[in-house]
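> this one's sequence-less:
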Ligand SMILES: Cc1ncc(COP(=O)(O)O)c(C=O)c1O
């Protein structure tokens with residue numbers, strides 16, 4: 001949600017005449033956004049880039065992931081999580097999920113090999129994964145955990161923010177994300193060397209002018225986008241509060257109803273409800289269509305697991321044994337809980353949801 005504050009911030013940048021800054025540190029607004037994000041997460045460094053995809057790709061590059069390496073990730077995620085592995089010429093190893101849609105640590109244990117060079121858990125829908133278990137496995141195998149936190153800005157696991165890490169946390173500022181700059185992203189880390197590499201990698205591997213030292217691209221966040229991100233950072237806690245309020249109304253509405261559940265409920269973590277997603281035992285698609293007919297913008301994320309997308313089918317990943325992933329794609333349904341949803345609207349959604357659930 002943007003208002004006059006973002007408009008003013010964008011205008012200020014336009015009037016300053018400095019639309020971007022290709023120095024190692026980045027522009028004034030980039031640096032300000034990085035300070036705010038690092039402060040929220042409680043990390044030493046936040047490095048702004050121009051998408052969540054760039055955040056993931058540069059993180060893999062910084063760990064020197066290359067041909068012959070394997071990276072473990074869930075098959076139930078947005079394609080970007082896997083595409084960046086392919087971009088590094090490495091092999092994605094798809095793991096199954098648990099009933100709350102987070103990557104299954106037991107399946108990571110089964111799939112980890114000497115070739116595994118990173119694990120990318122995804123804090124799906126704004127709900128943190130089992131970080132302790134995953135870090136334990138990663139440490140035992142000396143591999144980094146690259147958190148895909150594209151959907152989880154502000155979420156907490158055992159009192160710590162997602163992306164509060166010595167390895168890497170990757171955030172997205174895409175238009176529909178928890179906060180936005182239109183397009184944008186960032187990486188968080190406590191590792192000085194990692195942050196240094198990432199700052200170079202977002203800028204053709206340069207540190208002091210035209211002195212390319214390592215491979216990098218143009219993944220710089222423009223100043224206008226960074227200015228929007230700064231304003232949005234100030235609104236983040238309010239946004240999360242609104243999401244939680246709306247989610248609580250839906251939680252109450254479905255409590256005790258047969259055939260439907262909200263599965264992201266472990267009490268050692270705090271969901272930000274980027275997506276409020278229910279598990280529908282019965283006719284999910286019929287429920288989806290009924291709610292849509294009532295003007296409720298529900299959606300399915302996702303109907304196809306990544307390993308069954310055309311690219312990955314062609315690479316031979318279609319027949320993997322991932323029973324919980326295949327169940328999830330047929331059962332999940334996300335309902336609107338964004339800060340734009342008013343109290344009257346969420347009551348309407350709750351009423352219509354209950355009525356429709358009784359019918360399907
Ligand atoms: C789980 C996940 N990973 C990665 C991304 C990629 O982020 P972006 O669209 O900013 O490149 C997204 C969002 O689009 C996402 O939801």
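Noted; the coordinates are in hand. This is a predicted model, so every value here is computed, not measured.
> What strand or helix carries residue 292?
For residue 292, the host element (DSSP states H and E) is helix 284-293.
> in that helix, what counts as buried?
The neighbour-count check on helix 284-293 (16 or more other Cβ atoms under 10 Å) flags 284, 287-288, 290-291 as buried. Quick note: C-beta positions are derived from backbone N, CA and C, even for glycine.
> For the following helix or strand past it, the averaged confidence score.
Going down the chain from helix 284-293, the next helix or strand is helix 310-314, by DSSP H and E. Mean pLDDT, helix 310-314: 98.
> what angle separates the helix or strand just after helix 310-314 from helix 284-293?
Using DSSP H and E, the helix or strand that follows helix 310-314 in sequence is helix 323-331. Orientation check (axes from the mean of the first three to the mean of the last three Cα atoms, to 10 degrees): helix 323-331 against helix 284-293 gives 40 degrees.
> Pull the residues that contact helix 323-331.
Outside helix 323-331, the residues that touch it by Cβ atoms under 8 Å, 6 or more residues apart in numbering are 74-76, 94, 96-99, 101, 104, 279-281, 284, 300, 302-305, 307.
> now the residues you listed: which count as buried?
Applying 16+ other Cβ under 10 Å to these flags 74-76, 94, 96-98, 101, 104, 279-280, 284, 300, 305, 307 as buried.
> In helices only, show me these.
Per DSSP state H, helices hold the following members of those: residue 284.
> Tell me which two in the buried ones among the contacts of helix 323-331 are the farthest apart.
Across the buried ones among the contacts of helix 323-331, no pair lies farther apart than 94 and 280, at 23.9 Å, counting by Cβ to Cβ.
> Filter the buried ones among the contacts of helix 323-331 to keep only those in contact with the ligand.
Here nothing survives when the buried ones among the contacts of helix 323-331 are matched to the ligand using Cβ under 6 Å from any ligand atom.
> Closest one of the buried ones among the contacts of helix 323-331 to residue 148?
Using Cβ to Cβ, these come closest to residue 148 at residue 74, 8.9 Å.
> isn't that closest one right up against residue 102?
Yes: judged on Cβ atoms under 8 Å, residue 74 makes contact with residue 102 at a distance of 7.5 Å.
> Could you tell me which residues touch both of the two?
With contacts taken as Cβ under 8 Å, 6+ apart, residue 74 and residue 102 have 121-122, 124 as neighbours in common.
> Please see if stretch 78-88 touches the ligand.
Yes: Stretch 78-88 comes into contact with the ligand (Cβ under 6 Å from any ligand atom), by way of 78, 80-81.
> What's the mean pLDDT across that stretch?
Averaged across stretch 78-88, pLDDT comes to 98.
> What is the neighbour count of whichever residue of the stretch 51-200 of the chain sits closest to the ligand?
Ranked by Cβ to the nearest ligand atom, the top residue of the stretch 51-200 of the chain for proximity to the ligand is residue 52, at 2.5 Å. Residues contacting residue 52 under the criterion other Cβ atoms under 10 Å number 27.
> Where does residue 245 sit, in terms of helix or strand?
When secondary structure is defined by DSSP H and E, residue 245 falls within helix 223-254.
> Do any residues in that helix lie close to the ligand?
No: judged by Cβ under 6 Å from any ligand atom, helix 223-254 stays clear of the ligand, getting no closer than 11.3 Å.
> give me every residue that touches residue 99.
Counting by Cβ under 8 Å, 6+ apart, residue 99 touches 263, 324.
> Helices along the protein, start to end?
Using DSSP H, helices in the chain cover 4-16, 28-41, 52-62, 80-87, 105-111, 131-140, 192-201, 223-254, 284-293, 310-314, 323-331, 343-359.
> The nearest residue to residue 268 once chain neighbours are set aside: neighbouring residues, count only.
Closest residue in space to residue 268, ignoring its immediate chain neighbours: residue 158 at 5.3 Å, by Cβ to Cβ, 6 or more residues apart in numbering. Applying other Cβ under 10 Å, we find 10 residues neighbouring residue 158.
> Repeat that for the one 5 residues further on.
Using other Cβ under 10 Å as the criterion, residue 163 is surrounded by 31 other residues.
> For burial, what's the neighbour tally of the residue lying closest to the residue of the stretch 51-200 of the chain closest to the ligand once chain neighbours are set aside?
In space, and not counting its chain neighbours, residue 52 is closest to residue 172: 2.8 Å by Cβ to Cβ, 6+ apart. Neighbour count for residue 172, taken as other Cβ under 10 Å: 30.
> In the sheet, which residues pair with residue 172? Tell me.
Beta-bridge partners for residue 172, by DSSP bridges, are residue 185.
> Against residue 290, how distant is it?
Residue 172 is 31 Å from residue 290, where distance means Cβ to Cβ, to the nearest Å.
> I'd like to know how far the residue lying closest to residue 62 once chain neighbours are set aside sits from residue 291.
With Cβ to Cβ, 6+ apart as the criterion, residue 62 has its nearest non-adjacent residue at 4.4 Å, and that residue is residue 197. With the distance defined as Cβ to Cβ, residue 197 ends up 46 Å from residue 291.
> picking up where we left off before, what's the helix holding residue 292 packed up against?
Applying 3 or more Cβ pairs under 8 Å, 6 or more residues apart in numbering; DSSP states H and E, one finds that helix 284-293 contacts strand 332-335, helix 343-359.
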